[in-house]
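Undergrad: heads up, no residue letters with this:
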């Protein structure tokens, strides 16, 4: 099966890196078109042996992109087009129809309760989304929670298929040597208590609450992995609270690393650390976001043997509690966060590395790829499978 993936951009982000992981697993002949921003993840896909083409779209209203994209789809003679992220789903589905492709799948990666891809939901955005959705064959939700949101929006239930995000679970297994090396690289004392967070630095992630909580705990450190528009504000906040020397803003981390031959404890040719090594340096992982579509960072932390505190995480809330015994839902208030972190700081046994949680194994990327192939096959046959047929139990 020849598949074209269309995505809004390929800078470092959850949806972008999820596409790369899937490309490494899917038994298809796949190409990628990015509407804009062929960043680090595009380089990674190419390093894996894939093909990426930049449409160089000028903005949301660059209508000239539609005929250019249509021409590329027609030229490629694809069996199926798979779109990712709002703008790519809108332009990609219409372009695929114009090019004569009838099997069109779209993944909804980032639909929250009150936002989509970090932007507030509006009646106009919903109407445009639904118009584009009807041009496709099937819509993939990355969690059962997102599937329910799509149905409430007005997407027909028989067009929605739950294919969860996935991880390469084996790469995250805790390694004491990786922990020592990562802490030395980061300048973190071997015995220090380190709370961690992973995600794009945007207001919705509410990492400022973690900065404030850590500032209340003498000797505690906070390792934040990610980049985004809130970086400067978080740095200023740490300085104002007198905790700048205990808050480490590591920056973005491409995962998997750019080249296959890099070790799990390495990261990039520039000498950075990979995500498994960064997680190994932490004692507890915290997700303060109040609106998530999946909660990939929490699943990766569980795969690394970390206890996890989260405000909301559909990936875990959709599973029985026993699948993640070391994960606990919290309110996310600053005093509450400080109390939770103090418990870990004062009880070393509470933050000892643990076995991989069943939830992390449940979300292995190979399983997600197999489920996605089932959706592809139904779409290619022109039939719509029920949500139950391909959803994750």
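TA: In hand now; what should we look at? What you see is a predicted model; the values in this text were computed from it and never measured. Residues are numbered from 1 along each chain as shown.
Undergrad: For the nearest residue to residue 376 once chain neighbours are set aside, give me its contacts.
TA: Nearest non-adjacent residue to residue 376, counting by Cβ to Cβ, 6 or more residues apart in numbering: residue 80, 5.8 Å away. For the C-beta atoms, the positions are set from N, CA and C on the backbone; glycine is no exception. Neighbouring residues of residue 80 by Cβ atoms under 8 Å, 6 or more residues apart in numbering: 1-4, 101, 103-105, 376, 379-380.
Undergrad: let's see 10 Å
TA: Neighbouring residues of residue 80 by Cβ atoms under 10 Å, 6 or more residues apart in numbering: 1-5, 28, 30, 96, 101-105, 137, 375-377, 379-380.
Undergrad: same question, residue 87
TA: With Cβ under 10 Å, 6+ apart, residue 87 has these contacts: 6-9, 35-36, 57, 59-60, 62, 65, 117, 132.
Undergrad: Report the beta-bridge partner residues of the residue nearest to residue 376.
TA: For residue 80, the beta-bridge partners under DSSP bridges are residue 3.
Undergrad: from the contacts of residue 87, which has minimum pLDDT?
TA: Minimum pLDDT for the contacts of residue 87 is recorded at residue 117 (78).
Undergrad: State the distance from the nearest residue to residue 357 once chain neighbours are set aside to residue 308.
TA: Of all residues not flanking residue 357 in the chain, residue 302 sits nearest, at 4.1 Å (Cβ to Cβ, 6+ apart). In this view, residue 302 and residue 308 are 6 Å apart by Cβ to Cβ, to the nearest Å.
Undergrad: When the two are compared, which one has more neighbours?
TA: Set residue 302 next to residue 308 and count neighbours by other Cβ atoms under 10 Å: residue 302 wins out with 32 against 27.
Undergrad: I'd assumed residue 309 was in contact with that one.
TA: No. Counting by Cβ atoms under 10 Å, residue 309 is not a contact partner of residue 302; they are 11.7 Å apart.
Undergrad: so what sits against both of these two?
TA: By Cβ under 10 Å, 6+ apart, the residues touching both residue 302 and residue 309 are 285, 326-327.
Undergrad: which residues in the stretch 201-350 of the chain form helices?
TA: 207-215, 231-240, 275-280, 296-303, 314-317, 334-346 (DSSP state H, counting those that start in this stretch).
Undergrad: Among the ones you listed, which comes closest to residue 184?
TA: helix 275-280 (10.9 Å; Cβ to Cβ).
Undergrad: helices or strands up against the closest one?
TA: helix 176-186, strand 194-198, strand 221-225, helix 296-303 (3 or more Cβ pairs under 10 Å, 6 or more residues apart in numbering; DSSP states H and E).
Undergrad: can you redo the ones you listed as TSV with distance to residue 86 and mean pLDDT?
TA: Formatted as TSV, the helices and strands packed on helix 275-280 follow (distance: least, Cβ to Cβ, whole Å; pLDDT from 0 to 100):
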stretch	distance to residue 86	mean pLDDT
helix 176-186	35	94
strand 194-198	23	97
strand 221-225	25	98
helix 296-303	18	96
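Undergrad: Any regions of this structure where pLDDT drops low?
TA: 258-271, 349-353, 383-393 (pLDDT under 70).
Undergrad: all strands of the stretch 51-200 of the chain, in order?
TA: Listed in chain order, the strands found in the stretch 51-200 of the chain under DSSP state E, counting those that start in this stretch are 52-54, 80-84, 104-108, 115-116, 119-120, 138-141, 160-162, 194-198.
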